[in-house]
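1. Sharing a model that was predicted from the sequence below.
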Amino acid sequence: MKKMVSYFADNGFLISPELLDKIDFIDNKKIVNSMNKNLVVINEELVRYVERDKNKEINWINFDEARVLFEKKGADEEYNTFLDVILERKIETEGNGSESFFEHEDVDGGVVVLQSYNEKSKKMGVEEFVALFNNRYKVLKDILSNRVELKEAVSINRIINKNNEKVALIGIVDKKRVTKNDNLLLELEDLSGRINILINKNRTDMKDIAKEIVLDEVIGVTGNLSNGFVFADKVFFPDIPLTKELKKSPIEEYAVFISDLHVGNKNFLEDDFYNFLNWLNGRDGNELQKEIAMKVKYLFMVGDLIEGIGIYPNQENDLKVKDYREQYRKFSELIDNIPNNIKIILCPGNHDAVRLDEPQPVMGRELLGNLLDRENIFSVSNPALVNIGATKDFPGFDVLIYHGGSFTYYADVVDEIRLKGGVTRADLIMKLLLKKRHLAPTHTSTSYLAGSRDNLIISKIPDFFISGHLHRCSVANYNNIMMLNCGCWFPQSEYQERRGLEPEPSRAIIVNLQTMETKILFFGNES
C-alpha cells in the first residue's frame, strides 16, 4: 500500500482516506493518465468514473473545488451536479419525492444534461412552503457569505437588543415600503427573527440598488444599528462575480436558439419556419449563411412548442388545430426535417401540455411520441442546465434554460425595467434575475412547486442564460454570461396586444461558439 501511495504522490496526487483500504486493487496508471494534473485529491467517485471507461471529459479542477466547498461548508449543489454526471445517478432530494437527475448523455460527448427535474405534483401545505424558503435562504446565504463584507454576518436575534453597533446581516426581504419621508424601509427576516432596514433617500450611492430590491429575495446588508433599526450603508445581492471568464470553444461550431413556435395557432408562420428548416439543411441563404448552417451542431427550442388548449380566454378562436395531441404530431413532423447531426434540446413553456408549476417536467413520449427515438433529441425540464461543446481540453458551455414565466412580473414591478420598455426589455429582466441568483424570487411572480428544495435557484453560474416567452429577440452580456431571449413564430395577436407584447417573429439567434459572435437571422417572407 505504501508503494502505491508513493506512486500517486510522486505524480502530484493525494489519496482520500476511504480509498486506502482499496488502493491495492486500483489501476494506478490508468487513474493518473485520466486525471488533470492540477487535481489534488483522488477519491472514490473519480476511481469509479475512470473504471467505467467513459469518454466524457470532466473539469476535474472545478470538481475538486466543489468537493472542498461541500466538505467545509456543506455546499452540496455544485458537488451533486458533478456526481450526477460522473456516476449517471438519480438524486433523491430531501423528503418530498422530487428528483434532480442526470437525463442522458450524447454518444460523442456533445450534450450532457446536468440538471433536469421531474418532480411529482402533490398536495402542499404550509410546511412545504416553509421548507422551500428555508432551503432558498441556506443556499443563497452560503453564496453571500463568500463576500468579505458579509463573512462576519450574524443572526438577527443576536443583535436585536443591542444599540450603536456596526452589523452585517443576511436575510429574506419580507416587506418593502416607502416611508412618508421617501426613505425605503425593508423588513428583513432570517431563521431567528426580523428587523427593520432603512435605506435613506439621501444615500445616492444606494439609489439604484434600492430600486432593484424585490420581495422574498435573499440579500446581505451592512449598516449601523440604532434603536431597533439598521441604517444601511451597503446592500448586497448574491450576483455573478466579475471574475467569471468568457469561454470560447477551440472548435468553430454554431448553436442556434429559437422558441415559441405555437404550432396549432391559426397564425403559425409555417412557411417562415420551413425557410428556417431549409436553411438548416443548407438549401437556402447566401454562401456564408449556407456555410454556417453546415457547422450548426446545437439547436435549442425554449418552450411553447405548441399553442396548447385553454391557455387564455377565447383561445379557441385562435386555433387551427384544436387537439393538443395533434399539435404535437404536427410539431414532430416539422422537427423530422432537421438533420440528425444537429443536437436538439427541447424544454416546455406555459403553452405546452405539462403542468404550469415550475419546474415544469420533461415532455415525455406521451407528448413527443417517436421523436424521442432519435438519438439527437434531448427533452429537458423548465428550467434545466445543459452542457454542450466539451472536448478533451475544454470544459464546454453550461447553458441555463428557462422559458421565462416570471418575466412579465418583473417587467411590471421593477421601475428600472418598466420605465425602460417593460416586456420589450428581456435583457434587463434576465440581468436582474442573475443578480438575485434566482429565476423567480418573489412569491406569485410565477407558479411553482413547493417542497424541500428550491429548484429555481441559480446555484451554478452558467455561460449562457437563454429564454423565450416575451416573443422578442435580444442578445446581451452580463459579467461574461451570454443572455439570449428568443423570438417567436407568429405575428402579434389581439391577446398579445392587450398584454403589451410586441413580437419579433421568424428569427433565430446564431452563436459562433469559437468567437462568441452572434447573428440574428430573419426567415420571414419580405413583402
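-> Perfect, I can see it now.
2. For the most centrally placed residue in the chain, which residues are in contact?
-> The centroid of the chain falls nearest to Leu400 when counting by Cα atoms, centre = their mean (3.3 Å). Counting by Cβ atoms under 8 Å, 6 or more residues apart in numbering, Leu400 touches Pro383, Ala384, Leu385, Ile458, Pro462, Phe464, Phe465, Ile466. No exception for glycine: its C-beta is placed from N, CA and C like everyone else's.
3. For Leu169, give me its contacts.
-> Counting by Cβ under 8 Å, 6+ apart, Leu169 makes contact with Ala153, Val154, Ile156, Ile159, Leu188, Asp190, Ile195, Ile197, Gly220, Val221, Thr222, Val230.
4. What pLDDT is listed against it?
-> With respect to pLDDT, Leu169 scores 96.
5. what do you get for Leu372?
-> Looking at Leu372, its pLDDT reads 92.
6. and which of the contacts of Leu169 is nearest to Gly125?
-> Nearest to Gly125 out of the contacts of Leu169 is Asp190 (Cβ to Cβ; 22.5 Å).
7. Surely that closest one and Ile160 touch.
-> No. In this structure, Asp190 sits apart from Ile160 without contact. The criterion is Cβ atoms under 8 Å, and the distance is 11.1 Å.
8. which one of these two has more residues nearby?
-> Taking other Cβ atoms under 10 Å, Asp190 and Ile160 do not tie; Asp190 has more neighbours (19 against 13).
9. Grab the nearest non-local neighbour of the more buried one.
-> For Asp190, ignoring the flanking residues on the chain, the nearest one in space by Cβ to Cβ, 6 or more residues apart in numbering is Gly171 at 4.2 Å.
10. buried set for the host helix or strand of the one you found?
-> Element membership for Gly171, per DSSP states H and E: strand 165-178. Neighbour-count burial for strand 165-178, with 16 or more other Cβ atoms under 10 Å as criterion, is recorded at Val167, Ala168, Leu169, Ile170, Gly171, Ile172, Val173, Lys176.
11. Using JSON lines, please lay out those residues together with distance to Ser145.
-> JSON lines is the format used below for the buried residues of strand 165-178 (distance: Cβ to Cβ, whole Å):
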{"residue": "Val167", "distance to Ser145": "15"}
{"residue": "Ala168", "distance to Ser145": "10"}
{"residue": "Leu169", "distance to Ser145": "12"}
{"residue": "Ile170", "distance to Ser145": "7"}
{"residue": "Gly171", "distance to Ser145": "13"}
{"residue": "Ile172", "distance to Ser145": "15"}
{"residue": "Val173", "distance to Ser145": "17"}
{"residue": "Lys176", "distance to Ser145": "23"}
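12. quick one: which of these is nearest Asn376?
-> Checking the buried residues of strand 165-178 against Asn376 with Cβ to Cβ, the nearest one is Ile172 at 42.4 Å.
13. residues in contact with the closest one?
-> By Cβ under 8 Å, 6+ apart, the neighbours of Ile172 are Phe133, Arg136, Tyr137, Leu188, Glu189, Asp190, Asp216, Glu217, Val218.
14. mind running it again at 6 Å?
-> Residues touching Ile172, when contacts are defined by Cβ atoms under 6 Å, 6 or more residues apart in numbering, comprise Tyr137, Glu189, Val218.
15. partners of it in the sheet?
-> For Ile172, the residues forming beta bridges with it (DSSP bridges) are Glu189, Val218.
16. which residues sit against whichever strand or helix holds Ala210?
-> Taking DSSP H and E as the definition, one finds Ala210 inside helix 207-211. With contact meaning Cβ under 6 Å, 6+ apart, helix 207-211 is reached by Leu184, Ile199, Val235, Asp415, Glu416.
17. Turn these into a markdown table, including secondary structure.
-> Converted to a markdown table, the contacts of helix 207-211 look like this (DSSP: H, G, I helix; E, B strand; the rest coil):
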| residue | secondary structure |
| --- | --- |
| Leu184 | strand |
| Ile199 | strand |
| Val235 | strand |
| Asp415 | helix |
| Glu416 | helix |
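18. Out of the residues you listed, which comes closest to His438?
-> Nearest to His438 among the contacts of helix 207-211: Val235, at 15.9 Å, using Cβ to Cβ.
19. one step back: which one among the buried residues of strand 165-178 gets closest to Leu434?
-> The shortest approach to Leu434 among the buried residues of strand 165-178 belongs to Val173, at 17.6 Å (Cβ to Cβ).
20. For the closest one, give its distance to Leu280.
-> Using Cβ to Cβ, to the nearest Å, one gets 45 Å for the distance from Val173 to Leu280.
21. the bottom helix or strand of this structure by mean pLDDT?
-> Every helix and strand in the chain was compared by mean pLDDT, DSSP states H and E; the lowest is strand 90-92, with a mean of 37.
22. re earlier: run through the residues that contact the residue nearest to Asp190.
-> For Gly171, the contacting residues are Leu188, Glu189, Asp190, by Cβ under 6 Å, 6+ apart.
23. can you rerun that using 8 Å?
-> Tyr137, Ile156, Leu188, Glu189, Asp190, Ile195, Val218, Ile219, Val221.
24. now do Asn164
-> For Asn164, the contact set (Cβ under 8 Å, 6+ apart) comprises Asn224, Leu225, Ser226.
25. Quick check: phi and psi at it.
-> Listed backbone geometry of Asn164 is phi 50, psi 50, with angles given as degrees, to the nearest 10.
26. Where does pLDDT dip in the protein?
-> Applying pLDDT under 70 to the chain flags residues 1-5, 7-109, 495-496, 499-500, 526-527.
27. Give me the number of neighbouring residues for the closest residue to Met206 other than its chain neighbours.
-> Excluding its sequence neighbours, the residue lying closest to Met206 (Cβ to Cβ, 6+ apart) is Ile199, at 5.7 Å. Ile199 has 23 neighbouring residues, counting by other Cβ under 10 Å.
28. Any chance of a markdown table for the contacts of Gly171, columns distance to Phe129?
-> Formatted as a markdown table, the entries for those read as follows, by distance: Cβ to Cβ, whole Å:
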| residue | distance to Phe129 |
| --- | --- |
| Tyr137 | 13 |
| Ile156 | 20 |
| Leu188 | 19 |
| Glu189 | 14 |
| Asp190 | 17 |
| Ile195 | 22 |
| Val218 | 15 |
| Ile219 | 20 |
| Val221 | 24 |
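29. Could you identify which of those has the most neighbours?
-> In terms of neighbours by other Cβ under 10 Å, the contacts of Gly171 top out with Val218 at 27 neighbours.
30. what would the contacts of Leu400 look like in TSV with secondary structure, neighbour count and distance to Arg329?
-> Supplementary listing: these in TSV, determined by DSSP: H, G, I helix; E, B strand; the rest coil; neighbours: other Cβ atoms under 10 Å; distance: Cβ to Cβ, whole Å:
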residue	secondary structure	neighbour count	distance to Arg329
Pro383	coil	26	26
Ala384	strand	26	24
Leu385	strand	22	29
Ile458	coil	24	35
Pro462	coil	22	33
Phe464	strand	22	30
Phe465	strand	26	32
Ile466	strand	27	26
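31. Could you point out which of these is nearest to Glu270?
-> Distances from Glu270 to these, taken as Cβ to Cβ, are shortest for Ile466 (23.8 Å).
32. beta partners for the closest residue to the closest one other than its chain neighbours?
-> Distances taken as Cβ to Cβ, 6+ apart place Leu484 nearest to Ile466, at 4.7 Å, with adjacent residues excluded. Listed by DSSP bridges, the beta-bridge partners for Leu484 are Ile466, Val475.
33. what about Leu484, distance to Lys297?
-> Note on Leu484: its distance to Lys297, by Cβ to Cβ, is 16 Å.
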